[in-house]
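**Q** Structure for the following, please:
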Amino acid sequence: MVSSGLAERVSVAPERLMTHLGLALALLVALVWTALDAWAGSPRVEERTPWRGWALAFLGAVFFQSLLGALVAGNDAGLVYTDWPLMNGSLVPAEYAGRNLWGTIAHSQGAVQLHHRLAAYAVFIAAIVISVMAARSRRMPAQARVLAFVLTGVVTLQAAMGVWTLMAGVPVTLGVLHQAGAAVLLAVVTAFAWRVRRP
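**A** Sure, this is the predicted structure:
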């Protein structure tokens, strides 16, 4: 990853930064899950509820959103289109397309920022749906219900921090807080996915 910033550019290749961050976040998820297992002990029977699949899908969505954030950071895409909710007055930025498909997905500043925004909206809506469904669920354990509300609160704070960071021109302090918030959110969602699997 470091060597990619020593040839023809002075910054790290965004896709390599994304891979590096992805491995670190996968390790974080594994550590949180293992720590919860060690703390609580193995259950005799895991709970077979629809929440198992939904919670893991939400965990995957938050993980994917974090990877999109790495592409934004790797492309310095937070330094362009610093208005919200539009992007320079448009829903889709004028400079969306790159040289090719991969250039658009991984290297276009407009595209990676738009993708990160769209995924953030999806995660925010999904978190609200999870909270509402958790409040109405009689089969969900009380601790999981509390975690559902906590994760919605963290998602809301993370989204607000993302908008603030963008509109402020990505000062280092806010950028670091936003990245740290992603790790905290991933840990909370991991705890939620772990808890709904236990009776």
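
**Q** Tell me the helices and strands packed up against the lowest-mean-pLDDT helix or strand in the chain.
**A** In the chain, no helix or strand scores lower on mean pLDDT, DSSP states H and E than helix 101-102, which sits at a mean of 84. Applying 3 or more CB pairs under 8 Å, 6 or more residues apart in numbering; DSSP states H and E, we find helix 101-102 packed against no helix or strand. C-beta: built from backbone N, CA, C; applies to glycine.

**Q** Helices of this protein, start to end?
**A** Secondary structure of the chain (DSSP state H): helices at 14-40, 51-74, 101-102, 109-136, 142-167, 172-195.

**Q** Can I get the ones you listed in CSV including distance to Y81 and mean neighbour count?
**A** Converted to CSV, these look like this (distance: least, CB to CB, whole Å; neighbours: other CB atoms under 10 Å):
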stretch, distance to Y81, mean neighbour count
helix 14-40, 16, 15
helix 51-74, 11, 20
helix 101-102, 21, 10
helix 109-136, 6, 18
helix 142-167, 8, 18
helix 172-195, 16, 19
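
**Q** Looking at the ones you listed, which is nearest to N88?
**A** With CB to CB, the closest approach to N88 among the helices of the chain belongs to helix 109-136: 8.7 Å.

**Q** just for the chain, where's the confidence low?
**A** Applying pLDDT under 70 to the chain flags the ranges 1-11, 42-48, 199.

**Q** got a list of what A148 touches?
**A** When contacts are counted by CB atoms under 8 Å, 6 or more residues apart in numbering, A148 is found next to I130, S131, A134, A135, M140, F192.

**Q** Please consider this matter closed, and thank you.
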